[in-house]
Every structure is written in C-alpha cells, then in structure tokens.
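[1] I need the structure of the sequence given here:
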Amino acid sequence: MDTDTKSERHSVPWNKGKLLGQKPPLKLKEIWGIRIRLQLTHRARELALFNLAIDSKLRGCDLVGLRVHDVVHGTRVAPRAIVMQSKTQRPVQFELTDQTRDAVATWIASAHLKPEQYLFPSRVSESPHLSTRQYSRIVGSWVRSIGLDPAAYGTHSLRRTKATLIYRRTRNLRAVQLLLGHTKLESTVRYLGIEVDDALEIAEQTEV
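    Next up, the predicted model:
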C-alpha cells in the first residue's frame, strides 16, 4: 500500500462532516408544528412521548424508562411527577400541562397499560421499553417532518427546549437548575449556552 495514501487516510479527522456541539432547543412554532402533525395523524404514542419529553425535561434514558405509575396517581395522570435520575441518582420534579396529561391518558387507555408497565413499551421483543436509540430515531422523524435537519437536532434538543424558554422568560437560573436536576449552577449555564445567547441579544440591541 502506498504510504502517502495510508497517512492521508489516518490524517482525516474523525469528526469530518459531522455536526458537533450542543443540539439547539426547539422554538415555539416548531413545537406546535410537530404537535399538530402528530395530532392530525392520530399518533397517540408519539404525541404522548413528545409532550412528555418537552414538559419533563428528562434525559432520554430517564424518559424511556418511565413506568405508568410514575405519572399516574389513582386513575388520573398527575399534574406533577418526581423521577429519580439514573445519571445523578437525584430526584427531579416536573409539571405536566393539561395537554400533556390528556395525551398521556389517551395513550395509556388506547394501549391498555397497567400501572407497573413501562409507559412506552418497545415494539421490539428484546427490549422491555423504547430504547434511547429508537427514541433518537423518532426525534429525527419529528424534526424532519417540519423541514429541519435531523442531524442538527437530537433528544437533548427536547430536554433543553422548555428549560430555555423558561430562562428566556424569567432569567431565573436557579429555577432552571432545579428543573433540570443539575447539582451545579455552572452546569446549567453551560447547558443553556446562556453567555453566548445573552451576548448575541445585547449585540442585536446595540446600535453602532
């Protein structure tokens, strides 16, 4: 083998052609674009998954691992839920909006799920619940359906969406830290990319 060709092959960076960095959150119009498409096509499972992903702000591994009794108290979907995060082993609390509770209740009823069952059972026999890989593919189909590049978005886009909207509305970092279940405020700052966003906002408002 030609040594020059071999060295060129090894010099190609592993990330060539790949999009790196944080996945951007969805904007309000994009949230509603996806939500309406799921409603019109009567995809009860995906609508419940999407709404719950936005409201809960959970990591993908925690979202797909939810059981029915995590969000249902008695016979109704609860307005609030507490989940133990698998990464940090710390509890995090989140609110479920009316439309999320309706979507989740509709899905549970249509799938005839029992309290101890996973909220999003896998359709693959080897897995008891939806895998993070399957969830990632579903997210890709959602963003593609509204004309966005699936390579630029991911499951963390949904986790970041509501947290980003709350921060931009309130500028309350501590509240967002609690909602995301971060142990350090610095983690929340980096996660939201606040310094960059704020700098851009200031620049846009400054006339030169």
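[2] what about the closest residue to residue 184 other than its chain neighbours, how many neighbours?
    Nearest non-adjacent residue to residue 184, counting by Cβ to Cβ, 6 or more residues apart in numbering: residue 177, 8.0 Å away. In short, each C-beta sits where N, CA and C put it, glycine included. For residue 177, the count of nearby residues is 21 (other Cβ atoms under 10 Å).
[3] mind checking pLDDT for residue 177?
    Looking at residue 177, its pLDDT stands at 81.
[4] next: the one 5 residues further on.
    pLDDT for residue 182: 78.
[5] which stretches of this protein form strands?
    With DSSP state E as the criterion, the chain has strands at 72-73, 76-77, 80-84, 91-95.
[6] thinking again about what came up before, mind checking how far the residue nearest to residue 184 is from residue 128?
    32 Å (Cβ to Cβ, to the nearest Å).
[7] can you check residue 173 too?
    Noted for residue 173: a distance of 37 Å to residue 128, by Cβ to Cβ.
[8] re earlier: shouldn't the residue nearest to residue 184 be in contact with residue 186?
    No: applying Cβ atoms under 8 Å, one finds residue 177 not in contact with residue 186, separated by 9.6 Å.
[9] any chance of the strands of the chain in TSV, plus distance to residue 35, mean pLDDT and mean neighbour count?
    What follows is those, written out as TSV (distance: least, Cβ to Cβ, whole Å; pLDDT from 0 to 100; neighbours: other Cβ atoms under 10 Å):
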stretch	distance to residue 35	mean pLDDT	mean neighbour count
strand 72-73	22	94	16
strand 76-77	17	96	16
strand 80-84	20	92	15
strand 91-95	17	88	15
